[in-house]
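Chemist: heads up, no residue letters with this:
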């Protein structure tokens, strides 16, 4: 009877130790995930899409079914630009897109300038065009982007 009691106590200790190990492992995993999210936010870049300055938005999808969506109504521009504000752009060291664009986004501003976003796979080329239609290399930037989030905005 006494041996049985000792065995039950030993099993109880083993269970307690394994639960402690599982809890520690979960805490470590959660901490690593939290740090990954914080670092991701530190390196991401938000592009400015202020709807009060936008005259029109045009989205063109080349891949699959060719589709063009234009937004010129104030409420539509406001809704789309607010969704675009939430997009995260991650800096890339590439100098050009790796593939041909599968979608393009044209944002026309009230002052005559425009912003062109060409999306190719997981990369986006953002080109700022001044009102005198002059472009320069300084105004072009390449970023990594989540293409699924772009599709979700325009569906």
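Modeler: On my side now, so go ahead. Since the structure is predicted, the reported quantities are computational estimates derived from the model, not experimental observations.

Chemist: any idea how far residue 129 is from the residue nearest the centre of the chain?
Modeler: Centroid-nearest residue in the chain, with Cα atoms, centre = their mean: residue 88, separated by 3.7 Å. Distance from residue 88 to residue 129, counting by Cβ to Cβ, to the nearest Å: 23 Å. In this view, the C-beta of every residue, glycine as well, is placed from N, C-alpha and C.

Chemist: who's in contact with the residue nearest to the centre of the chain?
Modeler: Applying Cβ atoms under 8 Å, 6 or more residues apart in numbering to residue 88 gives the contacts 40, 44, 45, 46, 145, 146.

Chemist: what about the fifth one, distance to residue 128?
Modeler: Read that as residue 145. In terms of Cβ to Cβ, residue 145 sits 17 Å off from residue 128.

Chemist: so for those two, which residue has more residues nearby?
Modeler: Between residue 145 and residue 128, counting by other Cβ atoms under 10 Å, residue 145 is the more crowded of the two (22 against 17).

Chemist: figure out how far the helix or strand residue 42 falls within is from the centre of its chain.
Modeler: Remark: residue 42 resides in helix 2-43, with elements defined by DSSP states H and E. Distance of helix 2-43 from the chain centroid (Cα atoms, centre = their mean, to the nearest Å) equals 33 Å.

Chemist: state the mean pLDDT of it.
Modeler: Mean pLDDT, helix 2-43: 77.

Chemist: can you list the strands that whichever helix or strand comes after it pairs with?
Modeler: Heading C-terminal from helix 2-43, the first helix or strand you meet, by DSSP H and E, is strand 54-61. Sheet pairing of strand 54-61 (DSSP bridges) gives strand 67-71 (antiparallel), strand 103-109 (antiparallel).

Chemist: distance check, residue 150 against residue 26.
Modeler: Counting by Cβ to Cβ, the gap from residue 150 to residue 26 is 34 Å.
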